[in-house]
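For reference, the sequence and a predicted model appear below.
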Amino acid sequence: MTQKLNLVFIGLSLSSSWGNGHATTFRALLRGLQALGHDCLFLERDVPWYAAHRDLPSPDFCMLSYYADPTELNTLFRQRIERADAVIIGSYVPDGKQVIDTVREMTPSCLCFYDIDTPVTLAKLRRDDEEYIAAKQISYFDIYLSFSGGDVLTLLERDWHAKRAEALYCSVDEGAYTNTGQPFQWDLGYLGTYSPDRQPKLERLLLEPARRLPKMRFVVAGPQYPTNISWPANVERIEHLPPAQHADFYSKQRFTLNITRADMVEAGWSPSVRLFEAAACKTPIITDRWRGLENVLPGKAILIAETGDEVVQMLQVSSSEERTRMAETAYRIVMKSHTGQARATQLVEYIRSFYRGARTAQSSSHPEVSAAGVSP
């Protein structure tokens, strides 16, 4: 293996961020890999929904190709997959079980699964729901990359027979997310696709404070919200906000609100990309509570709220100096540890350590055989 890695990703979407958080995750990671000098090919299932809403049809940081069904992975991309230093299959890939079996049959040198939905995946498997990965397939992967860290990694290895589970959190594209200097337009904002399990917290932590603070301004951006939601008059609705407009959106907020999916709260150690995006834009963050939060953004970098009363208090009494101090702290942490390039560095080290382990195992089993073909 050379110093420059040849990587193949098979993921839900890179071309369209509409209604999914996978595209921005992959974009930040692949930009980081390109900045480190590695070659990446991203393979995306060509489906009508994303085809009609592509906001990045031609990325400049990797190759992007489409396939019509899992069999085309074999007929069109077999050589690239077989030659790759690592193949990384993502969660929620259409016909994911078949994709995994198809790629595994090609015997790639290092096969990885990138679970951008780990708590959701495990909850589905406990219900015998094998929509995009079967329980038995977890053991197929040389490295199981998880959006959740902490106890979840032990669980994956102990109960689900992952060979090796490693945390690979989401990250922020540091080139795309920065404070744009826009004047404040909203006192509190939220960015996220509608989710039934998040909606009660949105009601409690944003809509209730909006009703109690009619002179303040609020905003909720994201698609798929039901028509029967009663939005207060001082809450602006934005149906879809393309990633290119995210930095402006965050920069116009005095505070932004982060709400975590129920499965991810239960699992812990599952930061949302919204935390890192807002911090990169130096926007102060109010978030719900979950285990592991202090390991990602310590208390001085973020505010934690569980009730509407707490949010109202934060909006009413926080000073400009306090908000600036908190935002600067979060910004420094994220720029050091949670950018696309930082996450790419982690991924490269995981892959290189896999090869180092393979070389050690080969030398131990066959000391007379040279492993010169695999470099650290």
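Thanks, I have it.

switch to C-alpha atoms for all contacts and neighbour counts from now on
Noted.

Identify all contacting residues around the helix or strand that residue 189 is a member of.
Following DSSP states H and E, the helix or strand that holds residue 189 is strand 186-191. The contact list for strand 186-191 (Cα atoms under 8 Å, 6 or more residues apart in numbering) reads 206, 216-222, 250, 252-258, 274, 315.

which intervals of the stretch 151-300 of the chain have sub-threshold pLDDT?
Within the stretch 151-300 of the chain, not a single segment meets pLDDT under 70.

And the strands in it, which stretches?
Secondary structure of the stretch 151-300 of the chain (DSSP state E, counting those that start in this stretch): strands at 165-167, 186-191, 218-221, 235-238, 253-258, 285-287.

Among those, which comes closest to residue 353?
Smallest distance to residue 353 across the strands of the stretch 151-300 of the chain (Cα to Cα): 11.8 Å, for strand 165-167.

Pull the residues that contact the closest one.
The contact list for strand 165-167 (Cα under 8 Å, 6+ apart) reads 143-149, 153-154, 156-157.

So which of the residues you listed sit within helices?
153-154, 156-157 (DSSP state H).

nearest residue to residue 329 other than its sequence neighbours?
Nearest residue to residue 329 in three dimensions, chain neighbours excluded: residue 301, at 5.2 Å (Cα to Cα, 6 or more residues apart in numbering).

count of residues packed around the one you found?
Look at residue 301: counted by other Cα atoms under 10 Å, it has 22 neighbours.

One more: the one 3 residues further on?
For residue 304, the neighbour count with other Cα under 10 Å is 18.

ok, now which ones touch it?
Applying Cα under 8 Å, 6+ apart to residue 304 gives the contacts 286-289.

Most neighbours among these, which one is it?
Of those, with other Cα under 10 Å as the count, residue 286 tops at 25 neighbours.

Confirm for me that that one is in contact with residue 307.
No. Residue 286 lies out of contact with residue 307 (Cα atoms under 8 Å); the separation is 11.3 Å.

Setting aside sequence neighbours, what's the nearest residue to residue 14?
Setting aside the residues directly before and after it, residue 14 is nearest to residue 23 in space (Cα to Cα, 6+ apart), at 4.4 Å.

Assign that neighbour to helix, strand or coil.
At residue 23, secondary structure determined by DSSP: H, G, I helix; E, B strand; the rest coil is helix.

My guess is it contacts residue 16. True?
Yes. Using Cα under 8 Å, residue 23 is in contact with residue 16, at 6.3 Å.

Would you mind measuring from residue 354 to residue 144?
From residue 354 across to residue 144, the span is 12 Å (Cα to Cα, to the nearest Å).

Of the two, give the one with the bigger neighbour count.
Using other Cα under 10 Å as the criterion, residue 354 and residue 144 rank with residue 144 on top: 26 against 17.

What residues are bridge-paired with that one?
Residue 144 has these beta-bridge partners by DSSP bridges: residue 113, residue 165.

Make residue 1 into 57 and carry on from there
From this message on, residue numbering opens at 57, which makes the last subject residue 200.

That one: what's it in contact with?
By Cα under 8 Å, 6+ apart, the contact set of residue 200 is 168-171, 194, 218-222.

Same question for residue 180.
When contacts are counted by Cα under 8 Å, 6+ apart, residue 180 touches residue 186.

one step back: so among the contacts of strand 242-247, which ones count as buried?
262, 272-278, 306, 308-314, 330, 371 (16 or more other Cα atoms under 10 Å).

in the host helix or strand of residue 410, what's buried?
Using DSSP H and E, residue 410 falls within helix 396-421. Under the neighbour-count criterion of 16+ other Cα under 10 Å, helix 396-421 has 396-400, 402-404, 406-408, 410-412, 415 buried.
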